[in-house]
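>>> One predicted model, sequence on top.
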Amino acid sequence: MQRRPVALLLTLTAGILSFILLSTLETQINRALLSRSRDLLGADLALSSRRWIQPSELELARQALEQEARGARIQSTEVLEIFTMAASPGRTPQLIELHAIETGYPLSGSLEFEAPCPAQKTCVFGDAALAIRWELQAGQSRIRIGQKELTWGGRILRDTSRSLRGGAMAPRVILARSELAATGLLRRGATFTVRNLFALNPPADARGLESISESLNGLIRDPGIQIQIPKDAAADEGRLLSSVGDFLGLTSLVGLILAFVGCYWLLRRVVQQDARSWAIYRVLSPKNLTPDLPFWRLTITLSLAAATLAILTAQGAWLAAAPALSRFLLMEGRLEPWLPAPTLLQAFALSVATASFALLPSLRFLRRQAQSEGLMTLLKNPAILAQRPGVTALDLLVLLAVLALVSRWVAHSWAVAGVFLLGLIAATAASALIGWGVLRALEGLADKLPSSRSGAARRHTLISLSRLRASSLLIWTTLTLGALLISLVPMIEASLRVQLSDPRDAGPVPGLFLFDIQEEQLEPLKRWALQAGTELQFITPLIRGRLLRVNDTPFEKISDAPSTREEEREARFRNRGFNLTYREALTPSERLVQGSLRAPNPLAEGVEAVTLEKRFAERLKIRIGDQLAFDIQGVPIAAEVVGIRSVQWTSFQPNFFIVFEPRALVD
């Protein structure tokens, strides 16, 4: 009896500890991102697009800023971002992310270089990775970008616009905006992103900036122009972390469920052993609830102690890990050393709720047995409680409802919560079924053991396991789910590695990618590839376009704050332009799941056939037969959805959400 409270304390502590650590990590990083969100954006307001933003659209942004922050001085600057190739004498050419900046960038935050540019020279500055790879020397090494040879000015020592985005596609290189024209990169057909930044002096508060963003989203309806304020930059920066946090949160929820199961089993044993005392209290007490008080006192006391122990352990672990974690996430000095107050309150509430829910079924079962068997039976034979199940169908339904709500809270998604619950139920059912079969086999094996002393001991063990079937199944299932939880991350990692290295029917993974090939460069590039003993594959045109309407409904931005991950994804899909292409047939990584590649019947004059990627169509609620209106480089094009494709994105082949028939875009 003395050991069970200790076991209950440790079981509940282990379940609460994982929740506290994960909640602290998510809360602290979100706070750190918000605290430096203005520096991440480099301004108070940013307009980004893959086309030149018109002067009239920039004037709308300036007017919105003037209206909200009267009297404040407005600063502005422009940044062009281009993916292009760079070369250095004697080195292998390298894809870079070129940022052409104007004087005064960034408007908020800081940008520091290794050394000033030598006089009478035009310099570029870049990431340390590029300097190390090419062994570049500041002020001496030369780099060729486009048609211009430039001096390597040195490394970027500090750039506050970068944080969790350390894993970029290519090293960042910074060039003065005035020197971009000399590189020849801005010729016809070039792909780039332009960002116009605005800052207020003094800065506006968060509520004022949200008002400006809402106003601009109402005035600029083009999804190809992304409007961001510091809060959006922080959310965008932490998007990957949010997805990882959702997954880890569900993993910790499995740990909490196992802690709940352990608490239920331990508390049921406590109730069974104290059933005689409970029955005596019930006979002597005039109040119906008085006999339950010792159980509730024990449960509440242990749950509060478990939460306290988990908080102290988590605080020590956080103090030890926070400095290294802040350096790893490029957030030095931004992660606070103490656990967030909301997390502490949630830990106490979760601990008490978990223990209380674990106790309730046993108390209700005790009352039902007292009514059906009589108090005198409990006084004489309390062991009768161990012979019958204490959980009803109603208890299981309530537990599933609570789990669904908690899963939605952790995953921020009803769809993910549903998949998680179905997977958990399936894993539990499969484990219990296998365990039941094992127990039946052990029961049969017990009868075949010899009658010697060692055989009798083994027979007694097997008989005990098979007769206490409910407890044995509970332990078996708990251990199985625990093992599944431990092996889940390695299994997912192995699955991803297999998908990335061997996409099966999609063909071999490409080893080299060529981007932004202009039409006049294609034939010479083909000849070069043949001379090198290979050939170009999956040559794919790319055209930027905007979706204007779906049927008769304008395809406009979503300005309302999303409440689920699905709404966040839909907002991102709507608040953007699209890469388009045209093809005669499917690629090896595509499969037609609905409709056809060509219109089965002649379409109306001027209407082109398109196919959509399956998940893209589901997110935007577009079906076969829907009419779409596009603006493609200023040309209006009407289209009808004739097919839905599934795409194996891990093939790394050039795949698209929207694919036209060739005749629509070839000219």
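Yep, that arrived.
>>> okay, CA-based contacts and neighbour counts for the rest of this
Fine.
>>> Okay, helices next: where are they in the stretch 351-500 of the chain?
Along the stretch 351-500 of the chain, counting by DSSP state H, counting those that start in this stretch, helices occupy 375-380, 393-411, 414-446, 453-467, 469-501.
>>> what mean pLDDT would you report for the second one?
For helix 393-411, mean pLDDT is 84.
>>> Next, the residues that contact that helix from outside, please.
For helix 393-411, contacts defined as Cα atoms under 8 Å, 6 or more residues apart in numbering pick out 246-247, 249-250, 253, 361, 414, 416-418, 420-421.
>>> which of these count as buried?
Of the members of the contacts of helix 393-411, the ones counted as buried by neighbours, 16 or more other Cα atoms under 10 Å, are 246-247, 249-250, 253, 361, 414, 416-417, 420-421.
>>> can you list those in a markdown table and add distance to Lys526?
Supplementary listing: the buried ones among the contacts of helix 393-411 in a markdown table, determined by distance: Cα to Cα, whole Å:
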| residue | distance to Lys526 |
| --- | --- |
| Asp246 | 46 |
| Phe247 | 45 |
| Gly249 | 50 |
| Leu250 | 50 |
| Leu253 | 54 |
| Pro361 | 73 |
| Trp414 | 49 |
| Val416 | 46 |
| Ala417 | 49 |
| Phe420 | 49 |
| Leu421 | 52 |
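>>> Helix or strand with the lowest mean pLDDT in this protein?
For the chain, using mean pLDDT, DSSP states H and E, the weakest element among its helices and strands is helix 375-380, scoring a mean of 60.
>>> tally of neighbours for Val398?
Using other Cα atoms under 10 Å, Val398 has 12 neighbouring residues.
>>> where in the stretch 501-650 of the chain is pLDDT low?
501-508, 557-562, 573-576 (pLDDT under 70).
>>> need the helices for it, in chain order.
For the stretch 501-650 of the chain, the helices defined by DSSP H, counting those that start in this stretch cover 519-531, 565-574, 614-620.
>>> follow-up on the earlier one: and the helices of the stretch 351-500 of the chain: which comes nearest Pro118?
With Cα to Cα as the measure, helix 469-501 is the member of those nearest Pro118 (45.2 Å).
>>> same for the closest one, what does it pack against?
In this structure, helix 469-501 packs against helix 239-273, helix 414-446, with contacts taken as 3 or more Cα pairs under 8 Å, 6 or more residues apart in numbering; DSSP states H and E.
>>> Could you single out the most deeply buried of those?
When you average the neighbours per residue for each of the helices and strands packed on helix 469-501 (mean count of other Cα atoms under 10 Å), helix 239-273 leads with a mean of 20.
>>> Let me see the mean pLDDT of it.
Across helix 239-273, the average pLDDT comes to 79.
>>> Show me what secondary structure element comes after it.
Of the helices and strands lying after helix 239-273 in sequence (DSSP states H and E), the nearest is helix 275-284.
>>> Output stretch 660-667 as CSV, restricted to C-alpha atoms.
Output in CSV follows, covering the C-alpha atoms of stretch 660-667 (Å, rounded to 0.1, in the frame of the first residue of the first chain):
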residue,chain,number,x,y,z
PHE,A,660,-2.4,23.3,-68.9
GLU,A,661,-2.7,21.7,-72.3
PRO,A,662,0.1,22.9,-74.5
ARG,A,663,-2.0,24.9,-76.9
ALA,A,664,-3.1,27.3,-74.1
LEU,A,665,0.4,28.6,-73.2
VAL,A,666,2.9,27.6,-75.8
ASP,A,667,2.8,31.0,-77.4
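>>> Run the chain-centre distance for the strand ranked longest in the chain.
Using DSSP state E, we find that the single longest strand of the chain is strand 73-87. Here strand 73-87 is found 28 Å from its chain centre; the criterion is Cα atoms, centre = their mean, to the nearest Å.
>>> what residues does that strand touch?
Contact with strand 73-87 is made by 62, 65-66, 93-105, 107, 143-146, 177, 191-202, as judged by Cα under 8 Å, 6+ apart.
>>> Filter the residues you listed down to the buried ones, PyMOL style.
The PyMOL selection below is limited to those of the contacts of strand 73-87 classed as buried (16+ other Cα under 10 Å):
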select buried, resi 62+65+66+94+95+96+97+98+99+100+101+102+105+107+143+144+145+146+191+192+194+195+196+197+198+199+200
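>>> what helix or strand does Val194 sit in?
With DSSP H and E as the criterion, Val194 is inside strand 193-201.
>>> Would you mind identifying the next helix or strand past that strand?
helix 206-219.
>>> a markdown table for the helices and strands packed on helix 469-501, including distance to Phe660?
What follows is those, written out as a markdown table (distance: least, Cα to Cα, whole Å):
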| stretch | distance to Phe660 |
| --- | --- |
| helix 239-273 | 31 |
| helix 414-446 | 31 |
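>>> Look at Ala353 and say how many residues are nearby.
Ala353 has 15 nearby residues by other Cα under 10 Å.
>>> and the gap between it and Val402?
Distance from Ala353 to Val402, counting by Cα to Cα, to the nearest Å: 11 Å.
>>> Point me to the residue sitting closest to the centre of the chain.
Among the residues of the chain, the one closest to the centroid is Ser243, at 1.3 Å (Cα atoms, centre = their mean).
>>> What is the end-to-end distance of stretch 36-48?
End-to-end distance of stretch 36-48 (Cα to Cα): 20 Å.
>>> So for that stretch, what gets flagged as buried?
Across stretch 36-48, burial judged by 16+ other Cα under 10 Å covers 36-48.
>>> Name the nearest residue to Arg38, ignoring sequence neighbours.
Leaving aside its chain neighbours, Arg38 sits nearest to Pro230 (4.8 Å; criterion: Cα to Cα, 6 or more residues apart in numbering).
>>> Give me the neighbour count for the one you found.
Residue crowding around Pro230 was assessed by other Cα under 10 Å; the count is 25.
>>> which residues in the stretch 101-250 of the chain form strands?
Applying DSSP state E, counting those that start in this stretch to the stretch 101-250 of the chain gives strands spanning 111-113, 123-126, 142-145, 148-159, 172-176, 193-201, 226-228.
>>> Give me the contact list for the fourth one.
Looking back up the chat, that one is strand 148-159. 109-118, 121-128, 131, 136-144, 182-184.
>>> Each with direction, which strands does that strand pair with?
When pairs are called by DSSP bridges, strand 148-159 turns out to pair with strand 111-113 (antiparallel), strand 123-126 (parallel), strand 142-145 (antiparallel).
>>> Roughly how far does Ile257 sit from Ala470?
18 Å.
>>> do His412 as well
In terms of Cα to Cα, His412 sits 35 Å off from Ala470.
>>> same question, Thr343
As judged by Cα to Cα, Thr343 and Ala470 stand 36 Å apart.
>>> Likewise for Ile227?
Ile227 is 58 Å from Ala470, where distance means Cα to Cα.
>>> Which one's more surrounded, the two?
Using other Cα under 10 Å, the more surrounded residue of Ile227 and Ala470 is Ile227, with 22 against 17.
>>> hang on, Arg282 packs against Pro291?
Yes. When contacts are counted by Cα atoms under 8 Å, Arg282 is listed as touching Pro291 (5.7 Å).
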